[in-house]
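In: would you be able to build a 3D model of this:
(4 chains)
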Protein chains: 2
Amino acid sequence: MTGNKNQNPHVSVDCVIFGYAEQQLKLLLIRRTLQLAKQDASDRFMALPGDLVLEDEDLNQAAKRVLKELTGLDNVFLEQFAAFGAPERVKKEKDKQWLQSVRENPEARVITVAYFSLIDAAACMLLPGSFSAQAVWIPIREVPELAFDHNEIFEHALNQLKRKIQLRPIGFELLPEKFTLSELQNLYEAILGRELDKRNFRRKMLRSGFVIPLEEKQQGVANKPAQFYQFNRQKYEELGEAYVNLRLEGDDDYFLN
Amino acid sequence: MTGNKNQNPHVSVDCVIFGYAEQQLKLLLIRRTLQLAKQDASDRFMALPGDLVLEDEDLNQAAKRVLKELTGLDNVFLEQFAAFGAPERVKKEKDKQWLQSVRENPEARVITVAYFSLIDAAACMLLPGSFSAQAVWIPIREVPELAFDHNEIFEHALNQLKRKIQLRPIGFELLPEKFTLSELQNLYEAILGRELDKRNFRRKMLRSGFVIPLEEKQQGVANKPAQFYQFNRQKYEELGEAYVNLRLEGDDDYFLN
DNA sequence: TTAGCTTAGTGTCATTTATACACTAAGAAA
DNA sequence: TTTCTTAGTGTATAAATGACACTAAGCTAA
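Out: As a prediction, this is how the structure comes out:
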């Protein structure tokens, strides 16, 4: 951010971090907090956590570093999903002031490599971050106009997530260690944006072998307490990069037959 | 290639082009043909068609342009699949001489954005290409050590292809307009690297609706002539970006249940 | 203490899909 | 006319899918 590191002026990374809290899928954004004397124009846009890569730094490393610097989040598994490189992506009027305040070479064309990740928003503490940024969770339905082409990057990531969740058991990354099947179903519904049949959902998840029932039950809830389950990480690791059929009924949007 | 264009020294594109001919899946490579007086060291490596992007050029445009310049191929649908940015990817001894002969700034770190595409190798004419390169089809089992990290990029693309072909009807891009179901099956076997059951394969493809039988049959073959089929492009376009279940039996590598 | 509220949890049936498997058909060549 | 080669076809079993409605458990408030 400060420009005194050895930055590559042409390549950046941006992180699309999804979290789940209060029954909602949320996006991690940076609120710019430049203290400008003249005006507050540069403060109008939130942005994905992202920054230029360093010259001697791998892209994956860069994504991890930038995320940590801007949000305090550490040990997050980030997966690259696309590069965005339209020449104008960094030339819009709305972004000029911010770029000038923050970049050594604000005119440079920047190609960005986008990463995405899923984390348990309820369990993670957002640190105040660097002097010029503050991290916040925004429900995905309330994401405002963002800096640069970040809305496009976010939409791309969300589509990716919708498809991928039906091919890889990744939803669990958004939940705490222990969860109920209803919570898991709520999560899937929040991501897919449609309702699912409870019995079919349970059958599918249980038969997949990726959920392990625990002895424990909910306590102190004003209804029948639900059983807790755990993600079967071992089975997930055995999977390697293979796909699994986690397709759920009614998914006209992403699967046809 | 010549360096007199307005190139971005830090960002390149590379194209992984798959073709199908003589019952084999092939990769399109560039054979470097620098005429160096001193030694032929720089000629040892073949490479994916790729080059630096221009400053005012979109990444997709760049991929198309570079591919055309190096191979003569035009109107190819290229799909971005990953960015590769290890700082050392362009710093290996084996690549030094080539870089020095071809780049204004041979020391610069280069991040590359990789594209892949499927074309009918039998139908396309490879032009001689630029002065320093010649395009050749190499069967995927015979791909030699390539420049930079191009072997890694190729492997990544091949894995992508194996998975994607079971989710999107993209195999047809590799075949001529008219094809027989046996040809289509051979193609799938070449990509997946395993044999498939004829009856199940046919049933799956026919039921998918992506193949349309034509009136025509093979002629002059020394056995029962096969019926020709055509790809249902209309149905493909209706599909948008949705996935289809084209999973074939025995695919332990990429699907589990 | 009990009636009511809320969410958890369960099973079946009809349909579709997956997989394994072996013979006949057509044409050319010898 | 026989032989060779590849095309083309059907069935039976098992598994997965999708639609659908009631009971169970615990808390709360009357």
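In: run through the stretch 101-250 of chain A and note the low-pLDDT ranges.
Out: For the stretch 101-250 of chain A, the stretches flagged by pLDDT under 70 are A:128-132.
In: for it, what lies in contact range of DNA strand D?
Out: A:197-200, A:203-204, A:207, A:217, A:219-225, A:245, A:247-250 (Cβ under 7 Å from any atom of the strand). Placement of C-beta: from N, CA and C, glycine included.
In: if we use 10 Å, what do you get?
Out: A:196-204, A:207-208, A:217-226, A:245-250 (Cβ under 10 Å from any atom of the strand).
In: next, A:R89: phi, psi?
Out: A:R89 adopts backbone torsions of phi -60, psi -20, taken as degrees, to the nearest 10.
In: you'd agree it is up against A:F148?
Out: Yes. A:R89 is in contact with A:F148 according to Cβ atoms under 8 Å; the separation is 5.6 Å.
In: what touches both of the two?
Out: A:T112 (Cβ atoms under 8 Å, 6 or more residues apart in numbering or on different chains).
In: nearest to DNA strand D: which residue in the stretch 51-200 of chain A?
Out: A:R199 (3.8 Å; Cβ to the nearest atom of the strand).
In: what sits up against stretch A:141-157?
Out: A:14, A:16, A:18, A:27, A:29, A:32, A:45-48, A:81-82, A:84, A:86, A:89-90, A:92, A:94-95, A:98, A:112, A:114, A:116, A:138.
In: return the subset of these lying in strands.
Out: Among those, DSSP state E puts A:14, A:16, A:18, A:27, A:29, A:32, A:46-47, A:81-82, A:84, A:112, A:114, A:116, A:138 in strands.
In: and for the residue of the stretch 101-250 of chain A found nearest chain B, the neighbour number?
Out: The nearest approach of the stretch 101-250 of chain A to chain B comes at A:V113, 4.6 Å away (Cβ to the nearest Cβ). A count of nearby residues for A:V113, using other Cβ atoms under 10 Å in any protein chain shown, gives 26.
In: using CSV, list the CA coordinates for stretch A:115-124.
Out: In CSV, the C-alpha atoms belonging to stretch A:115-124 read as follows (Å, rounded to 0.1, in the frame of the first residue of the first chain):
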residue,chain,number,x,y,z
TYR,A,115,-8.6,-15.3,-5.7
PHE,A,116,-11.5,-16.6,-3.8
SER,A,117,-12.0,-18.3,-0.4
LEU,A,118,-14.6,-19.4,2.0
ILE,A,119,-14.3,-18.8,5.7
ASP,A,120,-16.3,-19.0,8.9
ALA,A,121,-17.2,-15.4,9.3
ALA,A,122,-18.5,-15.9,12.8
ALA,A,123,-15.2,-17.3,14.0
CYS,A,124,-12.8,-14.8,12.5
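In: returning to that earlier point: narrow the contacts of stretch A:141-157 to those that are buried.
Out: Buried subset of those (neighbour count, 16 or more other Cβ atoms under 10 Å in any protein chain shown): A:14, A:16, A:18, A:27, A:29, A:32, A:45-48, A:81-82, A:84, A:86, A:89-90, A:95, A:98, A:112, A:114, A:116, A:138.
In: gap between A:A135 and A:K68?
Out: From A:A135 across to A:K68, the span is 11 Å (Cβ to Cβ, to the nearest Å).
In: so which of the two has more stuff around it?
Out: The residue with more neighbours, out of A:A135 and A:K68, is A:A135; 21 against 16, by other Cβ under 10 Å.
In: wasn't that one part of a strand?
Out: Yes. The assignment for A:A135 (DSSP: H, G, I helix; E, B strand; the rest coil) places it in a strand.
In: could you check how far it is from A:L126?
Out: 4 Å.
In: can you check A:Q80 too?
Out: Distance, A:Q80 to A:L126, by Cβ to Cβ: 23 Å.
In: now A:I212
Out: From A:I212 to A:L126 the distance is 30 Å (Cβ to Cβ).
In: quick check: longest helix of chain A.
Out: Using DSSP state H, we find that the single longest helix of chain A is helix A:150-164.
In: the helix or strand just after that one: partners in the sheet, and parallel or antiparallel?
Out: Downstream of helix A:150-164, the first helix or strand assigned by DSSP states H and E is strand A:178-179. The pairing partners recorded for strand A:178-179 under DSSP bridges are strand A:227-231 (antiparallel).
In: contacts for the partner strand next, please.
Out: The contact list for strand A:227-231 (Cβ under 8 Å, 6+ apart) reads A:169, A:172, A:175, A:177-181, A:184, A:210-214, A:216-218.
In: now the next helix or strand after it: buried residues?
Out: Per DSSP H and E, strand A:227-231 leads on to helix A:233-239 as the next helix or strand towards the C-terminus. For helix A:233-239, a neighbour-count test (16+ other Cβ under 10 Å) marks A:235-236 as buried.
In: helix A:233-239 vs DNA strand C: in contact?
Out: No. Using Cβ under 10 Å from any atom of the strand, helix A:233-239 never reaches DNA strand C; the gap is at least 16.8 Å.
In: centre of the chain to that helix, how far?
Out: 22 Å (Cα atoms, centre = their mean, to the nearest Å).
In: again, but for stretch A:176-183
Out: With Cα atoms, centre = their mean, you get 19 Å for stretch A:176-183.
In: so does that stretch get close to DNA strand C?
Out: Yes. Using Cβ under 10 Å from any atom of the strand, stretch A:176-183 comes into contact with DNA strand C via A:180-183.
In: can I get the buried part of these as one ChimeraX selection?
Out: Only the buried entries of those go into this ChimeraX selection, using 16+ other Cβ under 10 Å:
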select /A:180,181,183
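In: looking at the residues of stretch A:176-183 next to DNA strand C, which are in helices?
Out: Of the residues of stretch A:176-183 next to DNA strand C, the ones assigned to helices by DSSP H are A:181-183.
In: and the nearest residue to A:K198 once chain neighbours are set aside, how many neighbours?
Out: Once flanking residues are discounted, A:K198 sits nearest to A:Q185: 6.6 Å by Cβ to Cβ, 6 or more residues apart in numbering or on different chains. Applying other Cβ under 10 Å, we find 19 residues neighbouring A:Q185.
In: OK, contacts around A:Q185?
Out: A:Q185 touches A:196, A:198, A:201-202, counting by Cβ under 8 Å, 6+ apart.
In: let's see it at 10 Å
Out: Applying Cβ atoms under 10 Å, 6 or more residues apart in numbering or on different chains to A:Q185 gives the contacts A:171, A:195-198, A:201-202, A:205, A:248.
In: so for A:D252, what's the pLDDT?
Out: As predicted, A:D252 sits at a pLDDT of 60.
In: got it, and A:H10?
Out: Value listed for A:H10 in the pLDDT field: 96.
In: how many residues are close by it?
Out: A:H10 - counted by other Cβ under 10 Å - has 24 other residues nearby.
In: would you list the phi and psi of it?
Out: Torsion angles, degrees, to the nearest 10, at A:H10: phi -110, psi -10.
In: so it touches A:E107, yeah?
Out: No. If you go by Cβ atoms under 10 Å, A:H10 and A:E107 don't touch, sitting 11.5 Å apart.
In: is the helix or strand encompassing A:L52 up against chain B anywhere?
Out: Element membership for A:L52 (DSSP H and E) is strand A:50-54. Yes. Interface with chain B: strand A:50-54 contributes A:53-54 (Cβ under 10 Å from any Cβ of the partner chain).
In: next structured bit after that strand?
Out: helix A:59-71.
In: against which helices or strands is that next one packed?
Out: Under the contact criterion of 3 or more Cβ pairs under 10 Å, 6 or more residues apart in numbering or on different chains; DSSP states H and E, helix A:59-71 touches strand A:7-21, strand A:24-32, strand A:50-54, strand A:79-84, strand A:111-119, strand A:133-139.
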